[in-house]
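Trainee: Coordinates only, no sequence provided:
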């Protein structure tokens, strides 16, 4: 895209000012995020205010001849974004008037910045007279060399600006819902998620998790700032317009660091072909950023048409599941079950059902949920064996349900190989490696996870947990404070912060943090878990009556919780006896190999034998 507009003074119109040198639009002293294309349109219209600027002139200004772009759609998008930022409209324009079949005209009143110095400054810097021929020849030579150097530098800069950028990492920002109907937001979100998932199957691209990308919905941040925060080279922006059974998707690829448009295109399809369209879009983007897509990845990107009603149910289920509550998971499950009934070969519906069970649907016991989750994910893999997400969920279930850690690791590795940017697979694998005592390997997965989901508060807490498991108490404490400053609603992180203080024998601090977790759990399903850890902390701090009071109040069907308090009291025989009973009931704590509450048992051969029988050592 050309950026050769003259560096004119700051110009003001309405409540705005635009500075061509810094390429910034400001209002009331604050910088407004405006991408390169709409900004370039504004600069050209301001240069020729009052004149009609044709669409062809604008397109030539925006895109060099060797850049592929659906230029009409790209220009329409740039004009639309510019009007949105300025609060303008095509029907009653204040600043930008549409001239039908011709172009656009800036009609607002513009005032130049009076503080700018003009040609008077250059007159004060007139060169002194040259007194001899040698000096004159020397000046001519230097001038020629300088001009040549400037030309080379300018030419290199222009070439670098026009050539396709190397993009190896990318984020899909939330697609805009153009329907004008807020209830259709779930549909735009589903399109964002599907494209993210498809791109995540390409091993040559690092694709930012949707949970991080969603932080930038309706953001005012400029592209270079987003690129820095997400550490990406490219960003995809798009919009979705749904009308009946027809869908129109417009997507554009942006070099985020340079805020430079690379490519855009619009697609219109029937609802039944939307998934195939997403796969086509992913392949096109891969080609535009010039990353290699293997034959196997090409095949995985191929999808079949889906029953529109089934896809509708799936999207609504996905929207409900994203709310992350037991009740919303139950609602999501009903939608996923409906999707599978409407299209029994729709593999994603079964993946959604498995996710609901994995994250504990309201009213379903843990054992029943895991059994149903395994059945659902097995059905998904029978329909589509190359689904990375499905293999990752199977890996989780093999570890949690069957204690088959070898099989779990194999499935997680397969899931990561098939969908390298699927962040939950790296998250689960990191936890598995921690439970198995392989902390250095786990840190590799944690680092990868932070790269894929860099602004997620949950993953900030996971890094703290990595430090906690590795017994790096000070690092853990510092990281938990950072994570809780981002999201103070994370109940489990108060407990784990308390455990880090326990590791340093800082008992008052430990008890204070674990108390917060108990209070925040509100008597829910995890209340006994948190309460038992508080009892353990009381016991270790020498507050035996408080610990025994908690012990008497624990449910009789929670052997692990009672064992935890007994471990704090130093009553090994009772603690190990209860853990043995938990082992028989298949309820042994898989984090026992590293959690601080079990430290008093580590020198006992019976405890280590239990770890061995479970498969943790």
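Mentor: Structure received. No experiment lies behind these values; they were computed from the predicted model shown.
Trainee: how far away is the spatially most central residue of the chain from residue 416?
Mentor: Central residue of the chain (CA atoms, centre = their mean): residue 212, 2.4 Å from the mean position. Distance, residue 212 to residue 416, using CB to CB, to the nearest Å: 18 Å. For glycine as for every other residue, the C-beta is placed from the backbone atoms N, C-alpha and C.
Trainee: Equivalent analysis for residue 439, please.
Mentor: 19 Å.
Trainee: These two: which is more packed in?
Mentor: Legend: neighbour count by other CB atoms under 10 Å for residue 439 and residue 416, higher for residue 416 (22 against 17).
Trainee: Excluding residues flanking it in the chain, which one is nearest that one?
Mentor: Excluding the flanking residues, the one nearest residue 416 by CB to CB, 6 or more residues apart in numbering is residue 425, at 5.0 Å.
Trainee: Ok, residue 357 next?
Mentor: residue 373 (3.4 Å).
Trainee: Name the next helix or strand downstream of the host helix or strand of the one you found, please.
Mentor: Using DSSP states H and E, residue 373 sits in helix 366-383. Next in sequence after helix 366-383, counting helices and strands by DSSP H and E, comes helix 388-400.
Trainee: what angle do that next one and helix 366-383 make?
Mentor: Angle of helix 388-400 versus helix 366-383, following axes from the mean of the first three to the mean of the last three CA atoms, to 10 degrees, is 140 degrees.
Trainee: average pLDDT across helix 388-400?
Mentor: Averaging pLDDT along helix 388-400 yields 96.
Trainee: Measure how far the next helix or strand after it is from the centre of its chain, please.
Mentor: Next along the chain after helix 388-400, taking DSSP H and E as the criterion, comes helix 405-418. Remark: helix 405-418 is offset 22 Å from the chain centroid, using CA atoms, centre = their mean, to the nearest Å.
Trainee: got the residue ranges for the strands in this structure?
Mentor: Per DSSP state E, the chain carries strands over the ranges 11-13, 16-19, 24-27, 30-32, 53-54, 96-99, 103-106, 111-112, 169-172, 176-177, 206-207, 234-243, 246-255, 260-270.
Trainee: possible to save those strands as JSON lines with distance to residue 87 and mean pLDDT?
Mentor: Converted to JSON lines, these look like this (distance: least, CB to CB, whole Å; pLDDT from 0 to 100):
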{"stretch": "strand 11-13", "distance to residue 87": "12", "mean pLDDT": "82"}
{"stretch": "strand 16-19", "distance to residue 87": "10", "mean pLDDT": "85"}
{"stretch": "strand 24-27", "distance to residue 87": "10", "mean pLDDT": "84"}
{"stretch": "strand 30-32", "distance to residue 87": "11", "mean pLDDT": "80"}
{"stretch": "strand 53-54", "distance to residue 87": "21", "mean pLDDT": "88"}
{"stretch": "strand 96-99", "distance to residue 87": "11", "mean pLDDT": "86"}
{"stretch": "strand 103-106", "distance to residue 87": "15", "mean pLDDT": "88"}
{"stretch": "strand 111-112", "distance to residue 87": "19", "mean pLDDT": "62"}
{"stretch": "strand 169-172", "distance to residue 87": "27", "mean pLDDT": "94"}
{"stretch": "strand 176-177", "distance to residue 87": "17", "mean pLDDT": "87"}
{"stretch": "strand 206-207", "distance to residue 87": "34", "mean pLDDT": "94"}
{"stretch": "strand 234-243", "distance to residue 87": "19", "mean pLDDT": "88"}
{"stretch": "strand 246-255", "distance to residue 87": "22", "mean pLDDT": "88"}
{"stretch": "strand 260-270", "distance to residue 87": "23", "mean pLDDT": "84"}
